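Visitor: Below is the sequence, then the predicted model.
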Amino acid sequence: GASNRVSIVEMAPRDGLQNEKALIDTAAKVRLVDMLSACGFERIEVTSFVSPIWVPQLADAADVMAGIARRPGVRYAVLTPNMKGFEAALAAGADEVAIFASASEGFSQHNINCSIAESIERFRPLAEAAREQGVPVRGYVSCVVECPYDGAVAPESAASVAGRLNDLGCYEISLADTIGRGTPQAVDRMLEAVLAAIPAAKLAGHFHDTSGRALDNIGVALERGIRVFDASVGGLGGCPYAPGAKGNVDTLVVDRYLKALGFETGLDEDALEKASAFARSLRSPA
Ligand code: HMG
Ligand code: MG
(Lines give C-alpha, C1' and ligand atoms only; values in the text may rest on other atoms or scores of the structure.)
(Ligands and ions follow the chains in the order given, each with its own letter.)
Protein backbone atom coordinates (compact mmCIF):
# COMPACT_ATOMS: atom_id res chain seq x y z
CA GLY A 1 0.00 0.00 0.00
CA ALA A 2 0.92 3.66 -0.35
CA SER A 3 1.95 4.02 3.30
CA ASN A 4 4.51 1.24 2.82
CA ARG A 5 6.17 3.00 -0.05
CA VAL A 6 9.74 4.33 0.24
CA SER A 7 11.33 6.23 -2.59
CA ILE A 8 15.05 6.00 -3.37
CA VAL A 9 16.57 8.90 -5.29
CA GLU A 10 19.53 7.68 -7.35
CA MET A 11 22.73 9.68 -6.97
CA ALA A 12 25.46 7.71 -8.80
CA PRO A 13 25.83 9.81 -11.95
CA ARG A 14 26.18 13.02 -9.88
CA ASP A 15 27.43 12.43 -6.33
CA GLY A 16 28.90 9.08 -7.41
CA LEU A 17 31.03 10.34 -10.26
CA GLN A 18 31.87 13.90 -9.14
CA ASN A 19 34.66 12.65 -6.86
CA GLU A 20 36.37 10.41 -9.45
CA LYS A 21 39.77 11.81 -10.37
CA ALA A 22 40.19 10.26 -13.83
CA LEU A 23 37.84 11.86 -16.37
CA ILE A 24 35.08 9.46 -17.41
CA ASP A 25 33.81 9.50 -21.00
CA THR A 26 30.52 11.27 -21.59
CA ALA A 27 29.26 8.15 -23.38
CA ALA A 28 29.87 6.01 -20.28
CA LYS A 29 27.97 8.52 -18.10
CA VAL A 30 25.06 8.44 -20.56
CA ARG A 31 25.10 4.63 -20.50
CA LEU A 32 25.02 4.63 -16.69
CA VAL A 33 21.99 6.96 -16.64
CA ASP A 34 20.23 4.85 -19.28
CA MET A 35 20.85 1.69 -17.21
CA LEU A 36 19.46 3.49 -14.15
CA SER A 37 16.38 4.53 -16.14
CA ALA A 38 15.58 0.80 -16.46
CA CYS A 39 15.64 0.23 -12.67
CA GLY A 40 12.32 1.84 -11.72
CA PHE A 41 13.54 5.10 -10.10
CA GLU A 42 11.20 8.08 -10.12
CA ARG A 43 14.13 10.49 -9.79
CA ILE A 44 17.72 10.25 -11.00
CA GLU A 45 20.26 12.99 -10.26
CA VAL A 46 22.16 13.12 -13.54
CA THR A 47 24.86 15.77 -13.19
CA SER A 48 25.68 19.28 -11.92
CA PHE A 49 25.71 22.64 -13.62
CA VAL A 50 28.52 23.93 -11.42
CA SER A 51 31.80 25.64 -12.25
CA PRO A 52 33.96 23.33 -14.43
CA ILE A 53 36.98 24.68 -12.55
CA TRP A 54 35.51 23.46 -9.25
CA VAL A 55 34.26 20.07 -10.52
CA PRO A 56 36.04 19.16 -13.78
CA GLN A 57 34.48 15.68 -13.86
CA LEU A 58 31.01 17.14 -14.53
CA ALA A 59 32.06 19.76 -17.10
CA ASP A 60 30.16 17.73 -19.74
CA ALA A 61 26.80 18.22 -17.99
CA ALA A 62 24.99 19.57 -21.07
CA ASP A 63 26.31 16.75 -23.27
CA VAL A 64 25.21 14.11 -20.76
CA MET A 65 21.73 15.62 -20.60
CA ALA A 66 21.56 15.71 -24.40
CA GLY A 67 22.68 12.08 -24.69
CA ILE A 68 20.38 10.27 -22.29
CA ALA A 69 17.25 8.42 -23.39
CA ARG A 70 14.43 9.82 -21.28
CA ARG A 71 12.05 7.28 -19.92
CA PRO A 72 8.52 8.60 -19.25
CA GLY A 73 7.80 8.82 -15.52
CA VAL A 74 11.45 9.43 -14.56
CA ARG A 75 12.49 12.91 -13.45
CA TYR A 76 16.04 13.81 -14.47
CA ALA A 77 17.41 16.21 -11.86
CA VAL A 78 20.60 18.30 -11.71
CA LEU A 79 22.47 20.42 -9.16
CA THR A 80 22.45 24.19 -9.69
CA PRO A 81 24.44 26.48 -7.35
CA ASN A 82 23.40 29.80 -8.92
CA MET A 83 21.47 31.49 -11.75
CA LYS A 84 24.14 30.65 -14.31
CA GLY A 85 23.78 26.96 -13.49
CA PHE A 86 19.99 27.21 -13.43
CA GLU A 87 19.82 28.74 -16.89
CA ALA A 88 22.16 26.10 -18.30
CA ALA A 89 20.13 23.35 -16.61
CA LEU A 90 16.88 24.60 -18.15
CA ALA A 91 18.49 24.89 -21.58
CA ALA A 92 19.60 21.26 -21.18
CA GLY A 93 16.04 20.18 -20.35
CA ALA A 94 16.43 19.30 -16.66
CA ASP A 95 13.10 18.22 -15.12
CA GLU A 96 14.12 19.33 -11.66
CA VAL A 97 16.96 21.29 -10.04
CA ALA A 98 18.58 21.16 -6.62
CA ILE A 99 20.14 23.94 -4.61
CA PHE A 100 22.65 23.02 -1.94
CA ALA A 101 23.40 24.78 1.32
CA SER A 102 25.34 23.73 4.40
CA ALA A 103 24.50 23.67 8.10
CA SER A 104 28.13 24.61 8.82
CA GLU A 105 29.99 27.75 7.72
CA GLY A 106 33.26 25.89 7.06
CA PHE A 107 31.77 23.56 4.45
CA SER A 108 29.73 26.39 2.87
CA GLN A 109 32.93 28.38 2.29
CA HIS A 110 34.91 25.41 1.00
CA ASN A 111 32.16 23.97 -1.24
CA ILE A 112 30.43 27.02 -2.72
CA ASN A 113 32.79 29.85 -1.74
CA CYS A 114 30.34 31.89 0.34
CA SER A 115 28.69 32.05 3.77
CA ILE A 116 25.41 30.30 4.56
CA ALA A 117 23.54 33.63 4.51
CA GLU A 118 25.10 34.58 1.15
CA SER A 119 24.15 31.20 -0.30
CA ILE A 120 20.49 31.68 0.65
CA GLU A 121 20.47 35.10 -1.05
CA ARG A 122 22.11 33.54 -4.14
CA PHE A 123 19.42 30.82 -4.24
CA ARG A 124 16.51 33.27 -3.90
CA PRO A 125 16.36 34.49 -7.55
CA LEU A 126 16.87 30.90 -8.70
CA ALA A 127 13.97 29.66 -6.60
CA GLU A 128 11.77 32.52 -7.88
CA ALA A 129 12.64 31.81 -11.52
CA ALA A 130 12.00 28.10 -10.97
CA ARG A 131 8.58 28.82 -9.47
CA GLU A 132 7.66 31.07 -12.41
CA GLN A 133 8.69 28.35 -14.86
CA GLY A 134 7.11 25.49 -12.90
CA VAL A 135 10.41 23.70 -12.24
CA PRO A 136 10.52 21.73 -8.96
CA VAL A 137 13.40 22.69 -6.66
CA ARG A 138 14.93 20.28 -4.17
CA GLY A 139 17.15 21.56 -1.38
CA TYR A 140 20.13 19.94 0.30
CA VAL A 141 21.50 20.72 3.71
CA SER A 142 25.05 19.38 3.95
CA CYS A 143 26.86 18.61 7.19
CA VAL A 144 23.70 18.25 9.28
CA VAL A 145 25.62 16.46 12.05
CA GLU A 146 29.36 16.72 11.34
CA CYS A 147 31.49 19.10 9.29
CA PRO A 148 34.98 18.25 8.02
CA TYR A 149 36.10 21.79 8.92
CA ASP A 150 33.99 22.83 11.94
CA GLY A 151 33.43 19.49 13.73
CA ALA A 152 30.09 18.68 15.40
CA VAL A 153 27.14 20.71 14.10
CA ALA A 154 24.29 21.81 16.37
CA PRO A 155 20.85 20.34 15.49
CA GLU A 156 19.49 23.91 15.56
CA SER A 157 21.85 24.89 12.72
CA ALA A 158 20.54 22.06 10.54
CA ALA A 159 16.95 23.01 11.42
CA SER A 160 17.55 26.68 10.69
CA VAL A 161 19.07 26.10 7.24
CA ALA A 162 16.42 23.49 6.35
CA GLY A 163 13.78 26.06 7.35
CA ARG A 164 15.32 28.70 5.11
CA LEU A 165 15.34 26.29 2.11
CA ASN A 166 11.72 25.43 2.91
CA ASP A 167 10.89 29.15 2.93
CA LEU A 168 12.50 29.47 -0.52
CA GLY A 169 9.91 26.97 -1.79
CA CYS A 170 11.86 23.71 -2.00
CA TYR A 171 9.35 20.86 -2.36
CA GLU A 172 11.69 18.54 -0.46
CA ILE A 173 14.78 18.99 1.69
CA SER A 174 17.45 16.32 1.77
CA LEU A 175 19.40 16.19 5.02
CA ALA A 176 22.97 15.13 4.33
CA ASP A 177 25.56 13.44 6.50
CA THR A 178 28.20 14.59 4.04
CA ILE A 179 31.18 12.85 5.64
CA GLY A 180 29.27 9.82 6.93
CA ARG A 181 30.37 10.24 10.54
CA GLY A 182 26.96 10.74 12.13
CA THR A 183 25.92 8.37 14.89
CA PRO A 184 22.27 7.25 15.03
CA GLN A 185 21.90 9.24 18.29
CA ALA A 186 23.21 12.45 16.68
CA VAL A 187 21.06 11.89 13.57
CA ASP A 188 18.00 11.37 15.77
CA ARG A 189 18.63 14.60 17.71
CA MET A 190 19.11 16.47 14.44
CA LEU A 191 15.87 15.03 13.02
CA GLU A 192 13.95 15.99 16.15
CA ALA A 193 15.05 19.61 15.69
CA VAL A 194 14.30 19.69 11.95
CA LEU A 195 10.89 18.01 12.40
CA ALA A 196 9.85 20.76 14.79
CA ALA A 197 9.85 23.04 11.73
CA ILE A 198 9.24 20.81 8.69
CA PRO A 199 6.96 17.75 8.32
CA ALA A 200 8.54 14.35 7.56
CA ALA A 201 6.72 14.21 4.22
CA LYS A 202 8.94 17.06 2.96
CA LEU A 203 12.24 15.54 4.12
CA ALA A 204 14.74 13.07 2.69
CA GLY A 205 17.88 11.44 4.11
CA HIS A 206 21.25 11.53 2.32
CA PHE A 207 23.75 9.35 4.12
CA HIS A 208 27.34 8.77 3.14
CA ASP A 209 28.63 5.49 4.49
CA THR A 210 32.14 6.31 5.71
CA SER A 211 31.65 4.71 9.13
CA GLY A 212 29.26 1.94 8.07
CA ARG A 213 26.35 3.55 9.93
CA ALA A 214 24.26 4.69 6.99
CA LEU A 215 21.69 1.88 7.30
CA ASP A 216 21.30 2.51 11.04
CA ASN A 217 20.78 6.19 10.27
CA ILE A 218 18.17 5.32 7.65
CA GLY A 219 16.48 3.18 10.31
CA VAL A 220 16.35 6.16 12.68
CA ALA A 221 14.93 8.35 9.92
CA LEU A 222 12.27 5.72 9.06
CA GLU A 223 11.22 5.72 12.73
CA ARG A 224 10.83 9.49 12.45
CA GLY A 225 8.55 9.05 9.42
CA ILE A 226 10.95 9.90 6.59
CA ARG A 227 10.19 7.94 3.40
CA VAL A 228 12.71 9.25 0.85
CA PHE A 229 16.41 8.31 0.80
CA ASP A 230 19.27 9.17 -1.51
CA ALA A 231 21.59 6.33 -2.50
CA SER A 232 24.12 5.48 -5.16
CA VAL A 233 24.54 2.23 -7.13
CA GLY A 234 27.87 0.60 -6.40
CA GLY A 235 28.21 2.80 -3.30
CA LEU A 236 29.96 5.46 -5.35
CA GLY A 237 30.16 9.02 -4.14
CA GLY A 238 31.89 11.66 -2.14
CA CYS A 239 32.53 15.35 -2.39
CA PRO A 240 35.87 16.79 -3.49
CA TYR A 241 35.40 19.55 -0.87
CA ALA A 242 34.62 17.11 1.99
CA PRO A 243 37.92 15.39 2.75
CA GLY A 244 37.51 11.87 4.08
CA ALA A 245 33.96 11.42 2.82
CA LYS A 246 33.28 8.01 1.34
CA GLY A 247 30.52 7.01 -1.01
CA ASN A 248 26.79 7.33 -0.68
CA VAL A 249 25.08 4.35 0.86
CA ASP A 250 24.74 1.62 -1.80
CA THR A 251 21.32 1.60 -3.53
CA LEU A 252 21.08 -2.19 -3.68
CA VAL A 253 21.89 -2.49 0.03
CA VAL A 254 19.23 0.11 0.92
CA ASP A 255 16.71 -1.55 -1.40
CA ARG A 256 17.23 -4.97 0.26
CA TYR A 257 17.12 -3.43 3.74
CA LEU A 258 13.84 -1.64 2.99
CA LYS A 259 12.24 -4.68 1.37
CA ALA A 260 13.24 -6.83 4.39
CA LEU A 261 11.41 -4.31 6.60
CA GLY A 262 8.29 -4.71 4.42
CA PHE A 263 8.58 -1.49 2.42
CA GLU A 264 8.00 -1.24 -1.32
CA THR A 265 10.56 0.62 -3.42
CA GLY A 266 9.39 -0.19 -6.94
CA LEU A 267 12.96 -1.08 -7.92
CA ASP A 268 14.06 -4.05 -10.04
CA GLU A 269 16.95 -5.89 -8.38
CA ASP A 270 18.32 -7.43 -11.57
CA ALA A 271 18.48 -4.06 -13.29
CA LEU A 272 20.08 -2.59 -10.14
CA GLU A 273 22.75 -5.28 -10.12
CA LYS A 274 23.65 -4.57 -13.73
CA ALA A 275 23.83 -0.82 -13.12
CA SER A 276 25.90 -1.38 -9.94
CA ALA A 277 28.46 -3.50 -11.79
CA PHE A 278 28.74 -0.92 -14.54
CA ALA A 279 29.06 1.95 -12.01
CA ARG A 280 31.87 0.09 -10.20
CA SER A 281 33.68 -0.44 -13.49
CA LEU A 282 33.84 3.36 -13.98
CA ARG A 283 35.69 3.87 -10.72
CA SER A 284 39.44 4.47 -10.95
CA PRO A 285 41.57 1.86 -9.17
CA ALA A 286 42.15 2.91 -5.53
P1 HMG B 1 33.07 31.24 -7.48
O2 HMG B 1 34.43 31.08 -8.04
O3 HMG B 1 32.90 31.99 -6.19
O4 HMG B 1 32.05 31.81 -8.59
O5 HMG B 1 32.43 29.80 -7.33
P6 HMG B 1 31.89 33.14 -9.36
O7 HMG B 1 30.45 33.47 -9.42
O8 HMG B 1 32.85 34.18 -8.83
O9 HMG B 1 32.37 32.73 -10.83
C10 HMG B 1 33.71 32.35 -11.12
C11 HMG B 1 33.75 31.71 -12.51
O12 HMG B 1 32.97 30.52 -12.52
C13 HMG B 1 33.18 32.61 -13.60
O14 HMG B 1 33.90 32.31 -14.80
C15 HMG B 1 31.77 32.09 -13.74
O16 HMG B 1 31.21 32.34 -15.01
C17 HMG B 1 31.96 30.60 -13.52
P18 HMG B 1 34.86 33.41 -15.47
O19 HMG B 1 33.96 34.57 -15.74
O20 HMG B 1 35.90 33.72 -14.42
O21 HMG B 1 35.37 32.70 -16.68
N22 HMG B 1 30.73 29.96 -12.99
C23 HMG B 1 30.09 28.93 -13.58
N24 HMG B 1 30.37 28.19 -14.66
C25 HMG B 1 29.51 27.21 -14.98
N26 HMG B 1 28.41 26.92 -14.24
C27 HMG B 1 28.11 27.62 -13.15
C28 HMG B 1 28.97 28.68 -12.79
N29 HMG B 1 28.96 29.57 -11.78
C30 HMG B 1 30.02 30.35 -11.92
N31 HMG B 1 27.02 27.33 -12.44
C32 HMG B 1 30.53 28.33 -7.33
C33 HMG B 1 31.11 29.63 -6.79
C34 HMG B 1 29.27 28.06 -6.54
C35 HMG B 1 30.20 28.51 -8.81
C36 HMG B 1 31.58 27.21 -7.14
O37 HMG B 1 32.04 27.23 -5.83
C38 HMG B 1 31.04 25.84 -7.47
O39 HMG B 1 30.76 25.53 -8.62
N40 HMG B 1 30.88 24.99 -6.44
C41 HMG B 1 30.27 23.67 -6.60
C42 HMG B 1 31.02 22.65 -5.82
C43 HMG B 1 30.33 21.30 -5.98
O44 HMG B 1 29.76 21.00 -7.01
N45 HMG B 1 30.42 20.48 -4.94
C46 HMG B 1 29.85 19.15 -4.97
C47 HMG B 1 28.35 19.16 -4.98
S48 HMG B 1 27.65 19.42 -3.36
C49 HMG B 1 27.72 17.85 -2.63
O50 HMG B 1 28.31 16.94 -3.15
C51 HMG B 1 26.96 17.63 -1.35
C52 HMG B 1 25.68 16.81 -1.56
O53 HMG B 1 25.95 15.55 -2.12
C54 HMG B 1 25.01 16.61 -0.19
C55 HMG B 1 26.03 16.10 0.83
O56 HMG B 1 26.47 14.95 0.74
O57 HMG B 1 26.36 16.93 1.70
C58 HMG B 1 24.67 17.56 -2.47
MG1 MG C 1 26.55 13.82 -1.06
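Guide: Yes, it's here. Ligands and ions are numbered 1, 2, ... in the order given.

Visitor: Report whether the longest helix belonging to the chain contacts ligand 1.
Guide: Assignment by DSSP state H gives helix 116-133 as the longest helix of the chain. No: Helix 116-133 is not in contact with ligand 1 by Cβ under 6 Å from any ligand atom; minimum separation 7.9 Å. Quick note: C-beta positions are derived from backbone N, CA and C, even for glycine.

Visitor: Now do whatever helix or strand comes next after that helix: which elements does it pack against?
Guide: Going down the chain from helix 116-133, the next helix or strand is strand 137-142, by DSSP states H and E. Judged by 3 or more Cβ pairs under 8 Å, 6 or more residues apart in numbering; DSSP states H and E, strand 137-142 is in contact with strand 96-102, helix 116-133, helix 155-167, strand 172-177.

Visitor: Would you mind listing the buried residues in the third one?
Guide: Spelled out, that is helix 155-167. If you call a residue buried by 16 or more other Cβ atoms under 10 Å, then helix 155-167 has these buried ones: 155, 157-166.

Visitor: what do you get for the longest one?
Guide: By neighbour count, and taking 16+ other Cβ under 10 Å as the criterion, the buried residues in helix 116-133 are 116, 119-120, 122-123, 126-127, 129-130.

Visitor: Now find how far off-centre it is within its chain.
Guide: Relative to the centre of its chain, helix 116-133 is centred 18 Å away, using Cα atoms, centre = their mean, to the nearest Å.

Visitor: Begin at 55 from now on, thanks
Guide: New numbering, starting at 55: the last item is helix 170-187.

Visitor: orientation of that helix relative to helix 209-221 in degrees?
Guide: Counting by axes from the mean of the first three to the mean of the last three Cα atoms, to 10 degrees, helix 170-187 points 30 degrees away from the direction of helix 209-221.

Visitor: now do the first one
Guide: Angle between the axes of strand 150-156 and helix 209-221 is 150 degrees (criterion: the same axes, to 10 degrees).

Visitor: partners of strand 150-156, with directions?
Guide: strand 129-133 (parallel), strand 191-196 (parallel) (DSSP bridges).

Visitor: For the first one, buried residues please.
Guide: Using 16+ other Cβ under 10 Å as the test for burial, strand 129-133 gives 129-133.
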